[in-house]
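J.: sequence first, then the predicted structure, then my questions.
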Amino acid sequence: MNREELKKVLPHREPMLLVDEVEALNADEAEGRYTVRGDEWFLQGHFPGNPVVPGVVLCEIMAQTCCVLLTSNEVGSTPYFTHMDKVKFRKMVKPGDTIVTKCRINKRRGNFWFAEGKAFVGDQVAVQGEFAFALIR
């Protein structure tokens, strides 16, 4: 899915739509991409002269990749973060980098979904973690 197709299943819009494309590999796994242009709002103050993508933005990029799997089956619902665990930041992400996210849904309990993901720049892991979402209508 490209950005226009993603807008049909994700509630996020610019400037918070933080995936350029997402491909569902199967019902439980997805891979996404985002290329950091350098003019994004989150780089303006983080840090002047030495821009680095904030860790919370990297988590949001992974979450949006996961949410394509959740919302594709329940269009019109909004996914909300309810939990993050075991998040580790391993590499700085800078303008010009392309982030590749690999996410998997591990289980569902009612409206709550549990997932894990990794974001790579090249072959290096930039961030990884476990997430939970509530999918609310």
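T.: That came in fine, so what should we check first? Residues are numbered from 1 along each chain as shown.
J.: flag the shaky bits of the protein, pLDDT-wise.
T.: Low-confidence segments of the chain (pLDDT under 70): 73.
J.: all strands of it, in order?
T.: Taking DSSP state E as the test, the strands found in the chain are 21-24, 29-35, 78-89, 98-109, 112-121, 124-136.
J.: need the contact partners of stretch 116-123.
T.: For stretch 116-123, the surrounding residues in contact (C-beta atoms under 8 Å, 6 or more residues apart in numbering) are 58, 61-63, 65-66, 91, 93, 97-104, 106, 125-131. Where you see a C-beta, it was placed from the backbone N, CA and C, and this is true even at glycine.
J.: are any of those buried, and which?
T.: 58, 61-63, 65-66, 93, 97, 99-104, 126-129, 131 (16 or more other C-beta atoms under 10 Å).
J.: ok, back up a step: switch the strands of the chain over to a markdown table; also include distance to R3.
T.: Output for the strands of the chain, formatted as a markdown table (distance: least, C-beta to C-beta, whole Å):
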| stretch | distance to R3 |
| --- | --- |
| strand 21-24 | 7 |
| strand 29-35 | 10 |
| strand 78-89 | 18 |
| strand 98-109 | 15 |
| strand 112-121 | 18 |
| strand 124-136 | 21 |
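J.: which of those strands sits closest to H12?
T.: H12 sits nearest to strand 78-89 of all these, at 9.4 Å, using C-beta to C-beta.
J.: check which helices and strands that closest one is in contact with.
T.: Counting contacts by 3 or more C-beta pairs under 8 Å, 6 or more residues apart in numbering; DSSP states H and E, strand 78-89 packs against helix 55-73, strand 124-136.
J.: for the first one, which helices and strands make contact with it?
T.: Spelled out, that is helix 55-73. Using 3+ C-beta pairs under 8 Å, 6+ apart, helix 55-73 is in contact with strand 21-24, strand 29-35, strand 78-89, strand 98-109, strand 112-121, strand 124-136.
J.: now the angle between strand 98-109 and it, please.
T.: Orientation check (axes from the mean of the first three to the mean of the last three C-alpha atoms, to 10 degrees): helix 55-73 against strand 98-109 gives 60 degrees.
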